[in-house]
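Student: Build me a model from this:
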Amino acid sequence: MATPLRHTYTDPELTALADTVDAASDPIALMAAAITAVYTPLVAAVGGTFALADYSRGLIRPADYSIPTVQWEAICAAVALRAEQWGTQVMFALELVAHMPAQHQDPTVPAPKLEIPDRRPLIHQLDVDRDAVDVIAACSRHVQNLADYFGAGSPAHTDALQSWERQLSRLFLMGLGAHSKVRRDGPLSLIVATAAGVTFGLIFHSLRRRCTVSGCAAWIADDGKVSGTRGGPPGHAHVPNYPLGAPQPGTWRFHS
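Tutor: Model (predicted):
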């Protein structure tokens, strides 16, 4: 098709789509179910009958169809939610996009609510070894030390606190499976192995201590050693952006 066929799913079509996705018995079946549920109404709109084999051979192409963005997003979210049962949510969210039709804005179409039952395992098992327990405690102490030194609510404190809470919450998410192993990866960092086979890190990145004198590019180590001394007034005394001996400002970041 030169121009993608635009189609707006009806409520019965969306209900059938959600039911088909929910009935999938495993991750492979889920992808097949999602593709079938998405394209059956689209192909029917031009008088055809959808067959997964035709899609696999490229006879049915995603670029030939377009659906409202709000429906596109709701379908992707529903399929990703269903994938949580097997800890494959992240992989599905990435793979499904390649199979979805095009999308277009249509302000007259309301955002649908696709009802997908919560089929996650009842228990998320976290194996946290004692070294990792010590790291978690050390991170909490570090955040409190920043509050004590720089002031509660200061940028140094709030940046660290918000990033630590945000990254720590990742340990409890089930999108990568219901069994995770948490290990130490440095004094203030963790490494997490998930049931989905994905390993990620919650890594503390300290703010480098630098000279604040105009034009100076010097970095100042914890022991006071100065490097990169180009620029600034000749013979000037370096003024660090935070004092030697102070708890290091910084943030925790996600690495995969």
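Student: mind listing the helices in the stretch 1-150 of the chain by residue range?
Tutor: If DSSP state H, counting those that start in this stretch is used as the criterion, the helices of the stretch 1-150 of the chain fall at 11-22, 27-44, 52-56, 69-83, 89-99, 130-150.
Student: Of those, which shows the lowest average pLDDT?
Tutor: Out of the helices of the stretch 1-150 of the chain, the stretch the model trusts least by mean pLDDT is helix 89-99, with a mean of 90.
Student: Tell me which residues of it come out buried.
Tutor: When neighbours are counted by 16 or more other Cβ atoms under 10 Å, the buried residues of helix 89-99 are found to be 89-93, 96. For glycine as for every other residue, the C-beta is placed from the backbone atoms N, C-alpha and C.
Student: got the contact list for Ala2?
Tutor: Contact criterion Cβ atoms under 8 Å, 6 or more residues apart in numbering gives no residues in contact with Ala2.
Student: related to what we said a few turns ago, looking at the buried residues of helix 89-99, spot the one nearest Ser163.
Tutor: For the buried residues of helix 89-99, the residue nearest Ser163 by Cβ to Cβ is Val90; the value is 20.6 Å.
Student: what about the closest one, distance to Ala193?
Tutor: With the distance defined as Cβ to Cβ, to the nearest Å, Val90 ends up 14 Å from Ala193.
Student: so where is the stretch 151-256 of the chain shaky, pLDDT-wise?
Tutor: Low-confidence segments of the stretch 151-256 of the chain (pLDDT under 70): 229.
Student: again, 90 this time
Tutor: Of all residues in the stretch 151-256 of the chain, those with pLDDT under 90 make up the ranges 174-175, 196, 210, 212-241, 245, 256.
Student: show me where it has helices.
Tutor: Under the criterion DSSP H, counting those that start in this stretch, the stretch 151-256 of the chain contains helices at 155-168.
Student: Strands along that one, start to end?
Tutor: With DSSP state E, counting those that start in this stretch as the definition, the stretch 151-256 of the chain shows strands at residue ranges 179-184, 190-194, 199-206, 219-220, 226-227, 250-255.
Student: So what are the sheet partners of the third one and their directions?
Tutor: Pointing back at strand 199-206 there. When pairing is defined by DSSP bridges, strand 199-206 lines up against strand 190-194 (antiparallel), strand 250-255 (antiparallel).
Student: taking those strands together, which one is wrapped up most tightly?
Tutor: Of all these, strand 190-194 has the most neighbours on average by mean count of other Cβ atoms under 10 Å, namely a mean of 20.
Student: Could you list the residues in contact with that one?
Tutor: Looking at what lies outside strand 190-194 - Cβ under 8 Å, 6+ apart - the contacts are 87, 132, 135-136, 170-171, 176-177, 179-185, 199-202.
Student: So among these, which ones count as buried?
Tutor: Neighbour counting with 16+ other Cβ under 10 Å marks 87, 132, 135-136, 170-171, 176-177, 179-185, 200-202 as buried within the contacts of strand 190-194.
Student: Save the strands paired with strand 199-206 as JSON lines, and put in distance to Asp19 too.
Tutor: As requested, those are exported to JSON lines (distance: least, Cβ to Cβ, whole Å):
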{"stretch": "strand 190-194", "distance to Asp19": "29"}
{"stretch": "strand 250-255", "distance to Asp19": "35"}
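Student: Which of these sits closest to Gly224?
Tutor: Distances from Gly224 to each of the strands paired with strand 199-206 were compared using Cβ to Cβ; the shortest belongs to strand 250-255, at 19.1 Å.
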